[in-house]
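A.B. asks: sequence first, predicted model second:
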Amino acid sequence: MADEQFKTSSSMRPLVGIVMGSDSDLPVMKAAAEILKDFEIAFELTVVSAHRTPLRMVDYAKTAKERGLKIIIAGAGGAAHLPGMIAAITTLPVIGVPVKSSNSIDGWDSVLSILQMPNGVPVATVALNAAKNAGILAGQILATANEELSEKIQQYKNELQQTVLDKVEKLAGDGWNNTYDKL
């Protein structure tokens, strides 16, 4: 039943699970999906609320490893218990994404809820709304055992570097006063 309940749209068996506490978190969490897609890493994405669907959350975390997942990216806002609760249930690495919600204290509640986990229940925590970094980190973890993926991530980093070097060259050529609006 769990296999059908958390089925992905990809034909490949997902290696990364992306869960969020609410569909309102999707505008932030889709960045993780997009970067995983760019790296050609199969993933599943669903809503699993620690507070509104706790049994679904437990089932998701308990069955993640047997479904073939290697890493879970969990995003939540407000009290943001989802990443920590999933980490308490599974032995898989969990990457927490604090999501700035409209009724939060500028996102700090989410950041601290995910960051301040007790010893024995670690959650790797990225910056507020940094789901893209969570996807990259998941890719880097998987790349430790996959040379092809490692090369894709290196190429991505090379492109980031080239973007900065292009801006350096433009700044040097145009001068700081004429460049700012054009970067």
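C.D. replies: On my side now, so go ahead. Residues are numbered from 1 along each chain as shown.
A.B. asks: tell me where the protein has helices.
C.D. replies: Here the chain has its helices, by DSSP state H, at 2-5, 26-38, 54-63, 82-89, 108-115, 131-143, 147-174, 176-179.
A.B. asks: so of those, which one's packed in deepest?
C.D. replies: A comparison of the helices of the chain by mean neighbour count, using mean count of other C-beta atoms under 10 Å, puts helix 82-89 on top with a mean of 24. To be clear about C-beta, it is placed using only N, CA and C from the backbone, and glycine gets the same treatment.
A.B. asks: what is the orientation angle of that helix with helix 54-63?
C.D. replies: 50 degrees (axes from the mean of the first three to the mean of the last three C-alpha atoms, to 10 degrees).
A.B. asks: in JSON lines: the helices of the chain, plus distance to I18 and mean pLDDT.
C.D. replies: Below are these laid out as JSON lines (distance: least, C-beta to C-beta, whole Å; pLDDT from 0 to 100):
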{"stretch": "helix 2-5", "distance to I18": "15", "mean pLDDT": "47"}
{"stretch": "helix 26-38", "distance to I18": "5", "mean pLDDT": "98"}
{"stretch": "helix 54-63", "distance to I18": "11", "mean pLDDT": "98"}
{"stretch": "helix 82-89", "distance to I18": "12", "mean pLDDT": "98"}
{"stretch": "helix 108-115", "distance to I18": "15", "mean pLDDT": "93"}
{"stretch": "helix 131-143", "distance to I18": "8", "mean pLDDT": "98"}
{"stretch": "helix 147-174", "distance to I18": "17", "mean pLDDT": "95"}
{"stretch": "helix 176-179", "distance to I18": "38", "mean pLDDT": "70"}
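A.B. asks: got the contact list for the closest residue in space to G78 that isn't next to it in sequence?
C.D. replies: Residue nearest to G78 in three dimensions, not counting chain neighbours: S101, with 5.1 Å by C-beta to C-beta, 6 or more residues apart in numbering. With contacts defined as C-beta atoms under 8 Å, 6 or more residues apart in numbering, S101 is in contact with S24, G77, G78, G107, S110.
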